[in-house]
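Colleague: A predicted structure for the sequence below; I have some questions about it.
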Amino acid sequence: MGRLTKIAALPLVVICATTVWAQVPPHIQAVHEFLMGWGKEDWDAMKAQAGSKVTVKVGGTQSTLDIDAKKADVRLVLPFRGLSSVRENGKVTGVTVDQITVQAGGEEKKGKATVTLQEKDGKFTVTGVAME
C-alpha cells in the first residue's frame with residue numbers, strides 16, 4: 001500500500017511543478033535554461049537559448065562561449081541566484097543575476113551579472129553576459 005501511495009503522489013508533483021514553470025516569464029525561463037546548460041556544460045541546452053556564440057565579460061576581460069565549437073574560456077559554477085528582469089522603455093532587454101560565480105583565467109569570481117537578450121517574435125535569445 002505504501003508503494004501505491006508514492007506512485008499516486010508523483011503525478012501531482014509533476015503537475016504542480018509544470019504549472020509553476022508555465023507561469024515564469026519567457027525571458028526568465030530562457031536565461032535560467034541557458035545558465036543551467038552553461039553550468040552543466042550542456043551545449044545543446046545553451047544553443048537552444050543562445051545560438052552559436054555568447055560574449056562573456058568578467059571585469060575588464062572579454063571571452064566568447066563558442067557553442068558550435070563547444071569551447072568556453074570561462075565557466076559558470078552552479079548555483080546562481082536571483083533572476084530579475086531588465087527593461088528599457090518597457091521592453092525586456094535582459095535579466096540580472098544577483099549571485100553568480102564564474103571561473104576565468106584560473107580564478108573564481110563572484111558577483112552580480114547581467115544577461116543581455118534579444119527578442120524576436122516572442123522568443124528571447126541570450127547574446128551576452130557581463131559580470132560586475
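Modeller: Yep, it's here.
Colleague: tell me the secondary structure for the residue nearest the centre of the chain?
Modeller: For the chain, residue 35 is the residue whose C-alpha lies nearest the centre (Cα atoms, centre = their mean; 2.7 Å). Under DSSP: H, G, I helix; E, B strand; the rest coil, residue 35 falls in the helix class.
Colleague: for the closest residue to it other than its chain neighbours, grab the count of nearby residues.
Modeller: Of all residues not flanking residue 35 in the chain, residue 80 sits nearest, at 5.6 Å (Cβ to Cβ, 6 or more residues apart in numbering). Where C-beta positions appear, they are placed from N, C-alpha and C, glycine not excepted. Number of residues near residue 80 (other Cβ atoms under 10 Å) recorded here: 20.
Colleague: now residue 97
Modeller: There are 22 residues near residue 97, going by other Cβ under 10 Å.
Colleague: mind showing which ranges of this protein have poor pLDDT?
Modeller: Low-confidence regions of the chain, defined by pLDDT under 70, span residues 1-22.
Colleague: can you give me the helices for the protein?
Modeller: 2-22, 26-39, 43-50 (DSSP state H).
Colleague: who's in contact with stretch 106-123?
Modeller: Defining contact as Cβ atoms under 8 Å, 6 or more residues apart in numbering, one finds that stretch 106-123 is touched by 26-27, 30-31, 34-35, 58-59, 77, 86, 91-103, 124-132.
Colleague: ugh, wrong one, I meant stretch 74-94
Modeller: By Cβ under 8 Å, 6+ apart, the surrounding residues in contact with stretch 74-94 are 25, 27-28, 31-32, 35-36, 38-41, 56, 58, 63, 65, 95-104, 108, 114-117, 119, 124.
Colleague: selecting buried members of these in ChimeraX, what would you type?
Modeller: The buried residues among those can be selected in ChimeraX (16 or more other Cβ atoms under 10 Å) with this line:
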select :27,31,32,35,36,38,39,56,58,63,65,95,96,97,100,101,102,104,114,115,116,117,124
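Colleague: which of the contacts of stretch 74-94 fall in strands?
Modeller: Here DSSP state E is the test, and the contacts of stretch 74-94 give 56, 58, 63, 65, 95-104, 108, 114-117, 119, 124 as lying in strands.
Colleague: residue 126 - how many residues pack around it?
Modeller: Around residue 126 there are 26 other residues, counting by other Cβ under 10 Å.
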